[in-house]
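Engineer: Structure for the following, please:
(2 chains)
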Amino acid sequence: MVNATKGLFISCDVPMAQFIINMNASLPASQKFIIHILDDTHMFVQPHVAEMIRSGISDFRKQNSYEKPT
Amino acid sequence: MPQVKIIAKNFMDMVSSLPAMKLDKLYENAFICEAILRSLQPLAKKYVLQMLYIDTLVAAKLMEEWVLPDWFSKHRVALDRLLQLRIFTETVDRKKEKMYRINSTFQKNLQKLLVHGEVLPREPMPPNTVRLPSLEDLEAYALAQWEFFLLQLISSNQAERSSSISSAMLKVFKRGLLSQRDKEAPKLTESGFQFLLMDTNAQLWYIIREYISNSEERGVDSADLISFLLELSFHVTGEAYNLNTLNDVQRITIKDLADLGLVKLQQGRKESWFIPTKLVTNLSASLTDSSSRKQGFVVVETNFRMYAYSTSKLLCEILQQFASLEYQLPNLIVSAITKDSIYNAFEKGITADQIISFLQQNAHPRVALRIPSVPENVTDQIRLWESDRNRVEITPAHYYDEFPSREVFEAACDCAREWNGLLWEDSKKMRMVVKAEAHMHVREYLRRQK
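Structural biologist: Predicted coordinates:
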């Protein structure tokens, strides 16, 4: 019997995928959101986490960019 | 990625999208016929002239012989355009042969034009009765008026000179470009920002298009409005025309146009008159005319600093959409392009390409000669910042697994592909991901298979 699951499909580059996997691993078991890791650059996650992932990435980007000392 | 929603098409595309009834009515106006003839591609123009004095049907086969076989595609394009504009009408005779004939009203008007030349419905007023502004003054007036209008769009709290723009005009723009929530100051929408970065002609065209498409609500027939606008575009820049020659509807329209700087209204002791400016006479001409481009004023340095030699408040507002202001001197605006400022712009829906093309189009003459006019490291960085934002793509989807057999799996994949919804598949383990939009179709399909 074919089984269908609702969720979000994420397509990104390898480092970003690792970042998301790490984000998932740091959460307690009840909040884990990755349903399937499809391959290096694709994964399938719970439908409600889009905003969380986006904000996590933008925080990461902020930490990661050089700011000219004033 | 946000798509550019505003397409600055030209006047003729708008005309050709009118219903047949309206078009036939439009062709009663000789100016429209002339403007349309001007707007056609060379081959279509030639066909019209060739058919100008032919009253009978011409077989499609005969027309095909007018061109060499190599250029047949151009012939098709020209004919399609003429049919679309209803200049040519197609009929099929008893032998199932296609025949074309030229629209008789259009034909008559063009014939008249050829014999008599163009006659404006109103004569310019004799120069000794009115004091005419010089052409430079007029152009400065038009640009100032246009800029004031745009400034009002960006920051509607600019109470200076208090809102002189009529409510009808403002309503037109609020629709697409501004969004207003209750008790909040109106804000520009995504397309509003994109609109600001377009060049003047494209902006003007956009506004006019909105104005025309809203005309029915104001109780003005759009065909009347179009013919009046085209008529205006045949008037001579800088000549005065008496307002008495217009009917009521046209007079209201003229007032709206004056707010935009398309015409200048003046009042004498007894009479009042209007003077068309360059903006209105460019209206029917091809709108991407580069000769009318303003001189640039922006210098971008490799250290991401941007110097804009301009006194314009409008420009200052536009620059602030994607750069952070550092100093403002009377004739110079110094700003910096930073990551934050660019990200702000992205959030408003402006794309990197739009920012870059804005900078390139407005490059100061000193740097415009250099190639590239905007330093490569700056353009690259802006593009990189944009792609950095889009590194992760998230799509609502459904995940399928546990297919009973390979055939079912393959068939389901094909079905999803047909709906353009297959995001990912793994044929070894028989798993696939389908876009949320296509889920219903695939589910239906699998159900029917059982």
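Engineer: burial measure for the residue in the stretch 201-350 of chain B positioned nearest to chain A, as a count.
Structural biologist: With C-beta to the nearest C-beta as the measure, B:Lys339 is the residue of the stretch 201-350 of chain B nearest to chain A, at 6.4 Å. For glycine as for every other residue, the C-beta is placed from the backbone atoms N, C-alpha and C. Counted with other C-beta atoms under 10 Å in any protein chain shown, residues neighbouring B:Lys339 total 17.
Engineer: Next: B:Gln250.
Structural biologist: B:Gln250 is flanked by 18 other residues according to other C-beta under 10 Å.
Engineer: Which residue, neighbours along the chain excluded, lies closest to it?
Structural biologist: B:Phe228 (5.5 Å; C-beta to C-beta, 6 or more residues apart in numbering or on different chains).
Engineer: Likewise for B:Thr91?
Structural biologist: Closest residue to B:Thr91 apart from its sequence neighbours, by C-beta to C-beta, 6+ apart: B:Met99 at 5.1 Å.
Engineer: backbone phi and psi for the one you found, please?
Structural biologist: B:Met99 adopts backbone torsions of phi -130, psi 150, taken as degrees, to the nearest 10.
Engineer: I'd assumed B:Met63 was in contact with it.
Structural biologist: No: look at B:Met99 against B:Met63 with C-beta atoms under 8 Å: they stay out of range, at 9.6 Å.
Engineer: Name the residue of chain A with the shortest distance to chain B.
Structural biologist: Closest point on chain A to chain B, by C-beta to the nearest C-beta, is A:Phe9, at 3.8 Å.
Engineer: Which strand residues bridge that residue?
Structural biologist: Legend: beta-bridge partners of A:Phe9 under DSSP bridges are A:Phe44, B:Thr395.
Engineer: which residues does it contact?
Structural biologist: A:42-44, B:394-397, B:399, B:423-424, B:433, B:435 (C-beta atoms under 8 Å, 6 or more residues apart in numbering or on different chains).
Engineer: Write out the residues of chain A neighbouring chain B.
Structural biologist: For chain A, the contact set with chain B under C-beta under 8 Å from any C-beta of the partner chain comprises A:1-13, A:16, A:20, A:35-36, A:38-39, A:42, A:44, A:47, A:50, A:53-54, A:57, A:61, A:65.
Engineer: Show me how the record splits chain B into domains.
Structural biologist: Taking automatic domain parsing as the criterion, chain B consists of the domains B:11-116, B:135-281, B:295-389, B:397-449.
Engineer: For A:Ala29, find the nearest of those domains.
Structural biologist: domain B:397-449 (20.7 Å; C-beta to C-beta).
Engineer: Isn't the residue of the stretch 201-350 of chain B closest to chain A up against A:Lys62?
Structural biologist: No: between B:Lys339 and A:Lys62 there is no contact, the gap being 9.2 Å when judged by C-beta under 8 Å.
Engineer: Helices along chain A, start to end?
Structural biologist: Assigned by DSSP state H, chain A shows helices spanning A:14-25, A:50-64.
Engineer: And chain A, is stretch B:344-358 touching that?
Structural biologist: No: against chain A, stretch B:344-358 shows no contacts by C-beta under 8 Å from any C-beta, the least distance being 10.9 Å.
Engineer: Return that stretch as PDB; C-alpha atoms alone will do.
Structural biologist: Only the C-alpha atoms of stretch B:344-358 are listed here, as PDB (Å, rounded to 0.1, in the frame of the first residue of the first chain):
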ATOM      1  CA  ASN B 344      16.600  45.400   3.500                       C
ATOM      2  CA  ALA B 345      16.000  45.900  -0.200                       C
ATOM      3  CA  PHE B 346      15.700  42.200  -0.800                       C
ATOM      4  CA  GLU B 347      13.100  42.000   1.900                       C
ATOM      5  CA  LYS B 348      11.100  44.600   0.100                       C
ATOM      6  CA  GLY B 349      11.200  42.500  -3.000                       C
ATOM      7  CA  ILE B 350      13.800  44.300  -5.000                       C
ATOM      8  CA  THR B 351      16.200  41.900  -6.800                       C
ATOM      9  CA  ALA B 352      19.900  42.200  -7.100                       C
ATOM     10  CA  ASP B 353      19.600  42.700 -10.900                       C
ATOM     11  CA  GLN B 354      17.300  45.600 -10.500                       C
ATOM     12  CA  ILE B 355      19.700  47.400  -8.200                       C
ATOM     13  CA  ILE B 356      22.600  46.700 -10.400                       C
ATOM     14  CA  SER B 357      20.800  47.900 -13.500                       C
ATOM     15  CA  PHE B 358      19.700  51.000 -11.700                       C
END
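Engineer: what residues are up against the spatially closest residue to A:Ile37 that is not a sequence neighbour?
Structural biologist: Of all residues not flanking A:Ile37 in the chain, A:Met43 sits nearest, at 4.9 Å (C-beta to C-beta, 6+ apart). By C-beta under 8 Å, 6+ apart, the residues touching A:Met43 are A:9-10, A:17, A:20-21, A:34, A:36-37.
Engineer: now do A:Gly56
Structural biologist: A:19-20, A:23.
Engineer: Output these as CSV; include the columns pLDDT and neighbour count.
Structural biologist: Below are the contacts of A:Gly56 laid out as CSV (pLDDT from 0 to 100; neighbours: other C-beta atoms under 10 Å in any protein chain shown):
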residue, pLDDT, neighbour count
A:Phe19, 90, 18
A:Ile20, 90, 22
A:Met23, 89, 17
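Engineer: And the residue sitting nearest the centre point of chain A, how close does it get to A:Ile10?
Structural biologist: Nearest to the mean C-alpha position of chain A, counting by C-alpha atoms, centre = their mean, stands A:Ile20 at 3.2 Å. Counting by C-beta to C-beta, to the nearest Å, the gap from A:Ile20 to A:Ile10 is 7 Å.
Engineer: tell me, what's touching the two both at once?
Structural biologist: Shared contacts of A:Ile20 and A:Ile10, defined by C-beta under 8 Å, 6+ apart, are found at A:43, A:45, A:53, B:392.
Engineer: which of these lies closest to B:Ile87?
Structural biologist: Of the shared contacts of A:Ile20 and A:Ile10, the one sitting nearest to B:Ile87 (C-beta to C-beta) turns out to be B:Val392, at 51.7 Å.
Engineer: Can you give me the pLDDT of the nearest residue to that closest one once chain neighbours are set aside?
Structural biologist: Sequence neighbours aside, A:Cys12 is the residue nearest to B:Val392 in space, at 4.2 Å (criterion: C-beta to C-beta, 6+ apart). The model reports A:Cys12 with a pLDDT of 89.
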